[in-house]
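[1] Pasting the sequence and the predicted coordinates here, then a few questions.
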Amino acid sequence: MNTATTAGVFNLSATILKVNDLVKHFPIKGGVFNRQVASVRAVDGISLAIQREHTTSVVGESGCGKSTLVRLLNRLIEPSAGEVFYEDKNIFLFSRREMRAFRQNIQMVFQDPYSSLNPRFSMYDIIAEPLKIMNQPADAIRKRVRTVVELVGLSYSYRNRYPHEFSGGQRQRIGIARALALNPKILLCDEPVSALDVSVQAQVLNLLMDLRDELKLTIVFISHDLAVVSKISDTVTVLYFGKLVEQGERDDIFNNQLHPYTQALFSAIPKARPDEEKERIFLTAEPPSYRNFPSGCRFHPRCSKAMDICKKVDPELRVPTAQGTNSKHQVACHLYDGHNQQ
Amino acid sequence: MVVENTLLEVKSLSVAFRTDANRYVEVVEDISFDVGKGQCIGLVGESGCGKSVTSMSIMQLLPQPLSRMTTGEIRFNGKDLTKLPIAELRALRGHDIAMIFQEPMTALNPVYSVGSQMLECFRKDVPRPEARTRSIELLRSVGLSEPDRLLNNYPHELSGGMRQRVMIAMAIANNPQLLIADEPTTALDVTIQAQIMELLQEVQKSLGMAMLLITHDLGVVFEMCDYVHVMYAGKIVESCSVQQLYEAPSHPYTVGLLNSLPEINQTNARAERLPVIEGTVPAIGKFPRGCRFHNRCHFRTDQCALSSPPLRVAKDGTHRYACYHPLNKKRTEYRVEYSNHRRCV
């Protein structure tokens, strides 16, 4: 009993966000009387534990539900089912006041630095806004803005400039400064570097890695660019059409992809060198649509290794026996359930 | 570079755009390059470097009278496209030179079916039933299933990858000699990107077509191109083979650009910082004097701020660079020069 409690406490402190069987379906309306005819299963039963001070990357192609997942994590949208626990409390049961306190700890950096900053606000106003919402005194706000502006490598003398006067990279730094203003524990980054040029992308990535180490941030990093993910992640989670298909430590995923979808995804990365020989796995069928959603494993129509069982049974996420019992490398695929011998 | 059977020859092209108050700002300055028959040439650079303006001026598609070509010749099979009457240009566009664009959704007309847009590619004298059969063949050749049904679909009913395939099918309808591909895979997911790159290479080989690929993605360049021109702030700063580009480019900008690419390596627990180029790309109209890269360059001297370095040819004859202080070691040996502190200038 006693040992169980200690183990529980230990788990609690290591895991900062726990996602339990989270579901978000968006209705598609149409037909007579505008009835609901189908639903987009953006997030379809995802369970996930986000470790404190780790960078967890979520990868997958467009429409796989990565952005929806992140919007659920800070309750910008309500789920259809499931729970998210922040330090052991379900965020979807938070009162308004609890929500305010929670939001201080979880902040977001958006993809497009052009549309995520209010063009009528000066840099100072943009970064001070979250502090004002939290009713902080004026001189504390001024001090804090100065600190975070310098933290992200901008000059405080720019404070009266407006977003259009900054370059894309500088704007993304402002977005990061705004997210850091309230000194959050968790930073949700939704494709923070994909709208930037290569040379600027490296600067912003370096900044995020520095800040993570200095401020002991927990980062949830969404990206479709696997090279960027390989640079910044501790843990990698692969989504396919609303479902988690594979997850593990960075090195597990980058050295040994198990799920056929992850393998195809990695094989599709353009060459890193002109003389590199790449063996490509081409996904033959088109991606599934919400009108005719595949039964069983949702990847089976495009999978070259699909078996009979894949059409019927949706595989569960588990550690394959070949990985050893200590492994955190999990995959949702029948190939690793012992069915491949059939 | 020495090209046999030159197909396209761009000679000292400069393009200026009008800002308010009747002032003109140079967007592209003194660009020269060749595309030989059957070659795949890359034009790489970051946003605002003038790569798309270059491609649009080849097709003579620059917005008039907002822009003007201040100098330069564009010769296609010996004919100067800038002096060609509009009727002859029209005969060329889509037949001898075809183009595909980045965003297949905006490039296809949303109110016409795929079929009616495909049929438009063929000359008026091709009988409609024949054009239809050929459209079906083309759609099949770019890997689309049920092409006859697809002809009745509208662009919004297709996925991004399918739309880009339709665009490619339309572009190759008349067996062009040159295909200009402006960021053909940028809007697509990686798995679809891999398929489209494969398709473009196949088509290029089977038709013996030349290709001018405009992209910011060096991975795509490594994948497809033989020879590359790197652009920075409206100028070509370096031209070389892809192998040279990867191993030992000479221009400090090119070296920095390649070094700042994150590479997927097998192990990097808590990865080290990436090498970076300090500062940001200068805005159009605010290009610095002298070498346009000098204010971001670790190797600059006084000379760099005073005059613009001319494009020089290296000993091997194919490698060209515009720099007073070309780097001659492997690019990976220049990591320290590109290590940044946090300040953003």
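    Thanks, I have the structure now.
[2] which of the residues in stretch B:99-113 are buried?
    B:M99, B:I100, B:F101, B:Q102, B:P104, B:A107, B:L108, B:S113 (16 or more other CB atoms under 10 Å in any protein chain shown). No exception for glycine: its C-beta is placed from N, CA and C like everyone else's.
[3] Contacts only, for the fourth one.
    Yep, that's B:Q102 we're talking about. Listed by CB atoms under 8 Å, 6 or more residues apart in numbering or on different chains, the contact set of B:Q102 reads B:D182, B:E183, B:P184, B:T186, B:A187.
[4] what sits against whichever residue of chain A sits closest to chain B?
    In chain A, the residue that lies nearest chain B is A:P270 (2.8 Å; CB to the nearest CB). Residues in contact with A:P270 (CB under 8 Å, 6+ apart) are B:V190, B:Q193, B:A194, B:M197, B:D217, B:G219, B:V220, B:F222, B:E223.
[5] hmm, 6 Å instead?
    Taking CB atoms under 6 Å, 6 or more residues apart in numbering or on different chains, we find A:P270 in contact with B:G219, B:V220, B:E223.
[6] Now those in JSON lines, please, with extra columns for pLDDT and neighbour count.
    JSON lines is the format used below for the contacts of A:P270 (pLDDT from 0 to 100; neighbours: other CB atoms under 10 Å in any protein chain shown):
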{"residue": "B:G219", "pLDDT": "91", "neighbour count": "21"}
{"residue": "B:V220", "pLDDT": "92", "neighbour count": "24"}
{"residue": "B:E223", "pLDDT": "92", "neighbour count": "24"}
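[7] For chain A, tell me which of those residues show up nearby.
    Restricting the contacts of A:P270 to those touching chain A (CB under 6 Å from any CB of the partner chain) yields B:G219, B:V220, B:E223.
[8] which secondary structure element contains A:K278?
    Using DSSP states H and E, A:K278 sits within no helix or strand.
[9] Identify the residue spatially nearest to it, adjacent ones excluded.
    In space, and not counting its chain neighbours, A:K278 is closest to A:K271: 5.9 Å by CB to CB, 6 or more residues apart in numbering or on different chains.
[10] For that neighbour, the count of nearby residues, please.
    With neighbours defined by other CB atoms under 10 Å in any protein chain shown, the count for A:K271 comes to 19.
[11] Give the ranges of residues in the chain that sit below the confidence cut-off.
    Let's take chain A. For chain A, the stretches flagged by pLDDT under 70 are A:1-13, A:291, A:339-342.
[12] wrong chain, I was asking about chain B
    Judged by pLDDT under 70, the stretches of chain B that qualify are B:1-4, B:266-271, B:340-345.
[13] need the longest helix for it.
    helix B:190-207 (DSSP state H).
[14] got the buried residues for that one?
    B:V190, B:T191, B:I192, B:Q193, B:A194, B:Q195, B:I196, B:M197, B:L199, B:L200, B:V203, B:Q204.
[15] Would it be right to say that the residue of chain A closest to chain B lies in a helix?
    No: A:P270 sits outside any helix when classified using DSSP: H, G, I helix; E, B strand; the rest coil, being coil.
[16] Stretch B:110-125: end-to-end distance?
    This stretch, stretch B:110-125, spans 26 Å end to end (CA to CA, to the nearest Å).
[17] How far off centre is that stretch?
    Centroid separation for stretch B:110-125 versus its chain: 26 Å, with CA atoms, centre = their mean, to the nearest Å.
[18] how far does stretch A:99-113 stretch from start to finish?
    Taking CA to CA as the criterion, the two ends of stretch A:99-113 lie 26 Å apart.
[19] what sits up against that stretch?
    Residues outside stretch A:99-113 that contact it (CB under 6 Å, 6+ apart): A:74, A:94, A:116, A:168, A:171-172, A:175-176, A:179, A:182, A:184-192, A:195.
[20] Pull the contacting residues for whichever residue of the stretch 151-300 of chain B sits closest to chain A.
    Closest residue of the stretch 151-300 of chain B to chain A, CB to the nearest CB: B:G219 (2.8 Å). Taking CB under 6 Å, 6+ apart, we find B:G219 in contact with A:P270, A:K271.
[21] hmm, back to that, other residues contacting the longest helix of chain B?
    A:264, A:268, A:280, A:282-283, B:142, B:161, B:164, B:172, B:175, B:185, B:211, B:223.
[22] returning to what we had before: and the residue nearest to the residue of chain A closest to chain B when sequence neighbours are not counted, which of the three is it?
    Spatial nearest neighbour of A:P270, excluding adjacent residues (CB to CB, 6+ apart): B:G219 at 2.8 Å. Three-state call for B:G219 (three-state DSSP): helix.
[23] Over to the one 3 residues further on?
    Secondary structure of B:F222, reduced to three states by three-state DSSP: helix.
[24] Next, see if stretch B:170-187 gets close to chain A.
    No: using CB under 6 Å from any CB, stretch B:170-187 never reaches chain A; the gap is at least 8.7 Å.
[25] Helices of the stretch 201-342 of chain A, start to end?
    Applying DSSP state H, counting those that start in this stretch to the stretch 201-342 of chain A gives helices spanning A:226-232, A:250-255, A:260-267, A:308-312.
[26] can you redo those helices as JSON lines with distance to chain B?
    Converted to JSON lines, the helices of the stretch 201-342 of chain A look like this (distance: least, CB to the nearest CB, whole Å):
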{"stretch": "helix A:226-232", "distance to chain B": "4"}
{"stretch": "helix A:250-255", "distance to chain B": "6"}
{"stretch": "helix A:260-267", "distance to chain B": "6"}
{"stretch": "helix A:308-312", "distance to chain B": "19"}
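[27] Using CSV, please lay out those helices together with mean neighbour count.
    Formatted as CSV, the helices of the stretch 201-342 of chain A follow (neighbours: other CB atoms under 10 Å in any protein chain shown):
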stretch, mean neighbour count
helix A:226-232, 22
helix A:250-255, 20
helix A:260-267, 22
helix A:308-312, 15
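[28] Please identify which of these is closest to A:Y240.
    Ranking those by proximity to A:Y240 (CB to CB) places helix A:260-267 first, at 5.1 Å.
[29] What angle do helix B:190-207 and that closest one make with each other?
    Between helix A:260-267 and helix B:190-207, the angle comes out at 60 degrees (axes from the mean of the first three to the mean of the last three CA atoms, to 10 degrees).
[30] Now do helix A:260-267: everything it contacts.
    With contact meaning CB under 6 Å, 6+ apart, helix A:260-267 is reached by A:V238, A:Y240, A:V245, A:E246, A:Q257, A:R280, A:I281, A:L283, A:F299, A:C303, A:K305, B:T191.
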